[in-house]
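Enquirer: Got a predicted structure plus its sequence, pasted below:
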Amino acid sequence: MNTTTPTVHSYYRYNIEPRLLDAQARVFDHLGVPLVQDRNDRLDHAGWMNDLMTRDDLDDVVVVADIDAYPLKFDAYASLVAAAERGAVAGLAQTTNHKDPTKIYAAPMFIAFRKDLYRAFGSPDLGRYATGDVAQIMTDIAQARGVEVALTYPSFAVRPMWPLADYGIYGIGTFYGNHDFFHLYQARLSEAVELFCAVSDGVVAGRHDWARYLEIMSLAPIQKRRGLLSKTVHKAKMRLRSR
Amino acid sequence: MTSTPTVHSFYRYNIEPRVLAAQQSVFDHLGVPLRQWRDDKQTHAGWMDELLADDSLDDIFVVADIDAFPLTYAAYEWIVGEAEKGAIVGLAQTTNEKRPDKIFAAPMFLAFRRDVFKALGAPTMHPYDEGDVAQILTDLAPQHGVDVVLKYPTFALRPRWALADRGVYGTGTFYGDNEFFHLYASRMRNTADLFCAVAEGAVAGTHDYDAYLKIIEDKPDLKTGRSLSQILRKLRGRMSAT
């Protein structure tokens, strides 16, 4: 078990609904886990993480969570921090399916590592790169150097969306471990925000209403994943829009 | 496990031949004996009662739904091994319209010793006020000092129902550590594709979860994520409200 309770840092921009921020903060308050929700409309997620890593006032163990994620119990947070304290890169398992769907890594939806480990890794840029997504570089370097990568795997999702390599599935409203962590994914979908608030109610009440969660997501449209052609067109549109 | 009892599964005329073939292919691949019984006259429970009255069958009674299979031989060994020890052992389910908080060993994959069944009073497997098919075994077990051993769902490709305080299950549910699979929708033509795909994965030894999700995603009648009975209940509620 960890001996410290480092602050969890989460990033958001102007487009995140206040009720989602409240719901996340409510869970952290309930569990007694320190949380700082950091609004930054100027930097992207990776830029914000890079900036965070330069701060002098950081805890020895750095913990980052997505704005739509929280631990479901204090012990889950404590285990994650303990893994980081013993020198691991610890986080929730994910794949970057559009790059290398076979490569599972500790994703920044909930990740923890020692500040000195990050420095020993050469203070890498946590941005996307050719073969990985945000912060995936930490897993890559850890594996290259024989450093432990402690992963907590998804158990199930309220709306499964994507494969997790040969392990299973994850999606909107994913529960990790043995009801250890929750990550919403797609926080801009109104039904998903509703789900996030309902699950946070469940955490605080100490009992999950699975039927309610299913009912909320049954109202959400099925979002078809893009095929290769559709993805290419979408990417081109995004590039044109950003010019 | 000291024996390799046959797994019995029941079906009627409305089950697609490819579903039967897919289930058979998995059992053949694993080397687990399977007997698929077609009976257009009996109900599922009536058919189970008949089999349980037949003492010429194995000492360990193993029953599976026609749209279920073990994903590994070790899973079959586990269920038979627990039954040999004297437990009622099966996959966890709830009868949500009766007792949503009561988890029981369901006959989608269920095993027990015949002498344990007799010690429980050889009850009928029919649904009753407080339980579904074969739920009576879980209900009677504690009174007779018999263990109920459950294997819980891990995830479903299309979650549809709550499993008490444990989580969810639904169309295409995987149990344990990828140990058992149950489709839960064998009469819906469009989910037969999923059943066949998972059977192929079990035989190939690798699951293509992306392909499974695409099959489910492409099924328009699953868009609401609701069962027909849920839709009917909602319609009835609206009619009675007006």
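Expert: Sure, I can see it. Numbers count the residues shown, from 1 in each chain, chains lettered A, B, ... in the order given.
Enquirer: So which elements touch the strand ranked longest in chain B?
Expert: Using DSSP state E, we find that the single longest strand of chain B is strand B:99-113. For strand B:99-113, the packing partners by 3 or more CB pairs under 8 Å, 6 or more residues apart in numbering or on different chains; DSSP states H and E come out as strand B:60-65, strand B:68-70, helix B:73-84, strand B:88-95, helix B:135-140, strand B:148-151, strand B:180-182. To be clear about C-beta, it is placed using only N, CA and C from the backbone, and glycine gets the same treatment.
Enquirer: Tell me which of these lies nearest to chain A.
Expert: Nearest to chain A, of all those, is strand B:88-95, at 10.4 Å by CB to the nearest CB.
Enquirer: Show the subsequent helix or strand relative to the longest strand seen in chain A.
Expert: Secondary structure of chain A per DSSP E: the longest strand is strand A:100-114. Note on strand A:100-114: by DSSP states H and E, the next helix or strand toward the C-terminus is helix A:115-120.
Enquirer: quick one: which of the helices and strands packed on strand B:99-113 is nearest residue A:48?
Expert: strand B:180-182 (41.9 Å; CB to CB).
Enquirer: who's in contact with that closest one?
Expert: Strand B:180-182 is contacted from outside by B:65, B:67-71, B:75, B:91, B:108-109, B:151, B:172-175, B:198, B:202, using CB atoms under 8 Å, 6 or more residues apart in numbering or on different chains.
Enquirer: For that strand, give the mean pLDDT please.
Expert: Averaging pLDDT along strand B:180-182 yields 98.
Enquirer: ditto for stretch B:119-134
Expert: The model assigns stretch B:119-134 a mean pLDDT of 96.
Enquirer: OK, contacts around residue A:106?
Expert: A:89-93, A:135, A:138-139, A:149-151.
Enquirer: Just give the closest residue to it, not the sequence neighbours.
Expert: residue A:91 (3.0 Å; CB to CB, 6 or more residues apart in numbering or on different chains).
Enquirer: Any figure for the gap between the spatially most central residue of chain A and residue B:171?
Expert: Centroid check for chain A by CA atoms, centre = their mean gives residue A:109 as the closest residue, at 0.9 Å. Distance from residue A:109 to residue B:171, counting by CB to CB, to the nearest Å: 27 Å.
Enquirer: Count residues in the vicinity of residue B:5, would you?
Expert: 21 (other CB atoms under 10 Å in any protein chain shown).
Enquirer: same question but for residue A:177, I mixed them up
Expert: 19.
Enquirer: burial of the closest residue to it other than its chain neighbours, as a residue count?
Expert: Once flanking residues are discounted, residue A:177 sits nearest to residue A:152: 4.6 Å by CB to CB, 6+ apart. Counted with other CB under 10 Å, residues neighbouring residue A:152 total 20.
Enquirer: Quick check, residue A:154 in contact with residue A:172.
Expert: No - between residue A:154 and residue A:172 there is no contact under CB atoms under 8 Å: 11.8 Å.
Enquirer: Around chain B, pick out the residues from chain A.
Expert: A:97, A:101, A:154-164, A:166, A:168-169, A:175, A:179, A:207-211, A:213-214, A:217-218, A:221-222, A:224-225 (CB under 8 Å from any CB of the partner chain).
Enquirer: Show me which of the residues you listed are buried.
Expert: A:97, A:101, A:154-164, A:168-169, A:175, A:179, A:208-210, A:213-214, A:217-218, A:222 (16 or more other CB atoms under 10 Å in any protein chain shown).
Enquirer: Many thanks, I have nothing further to ask.
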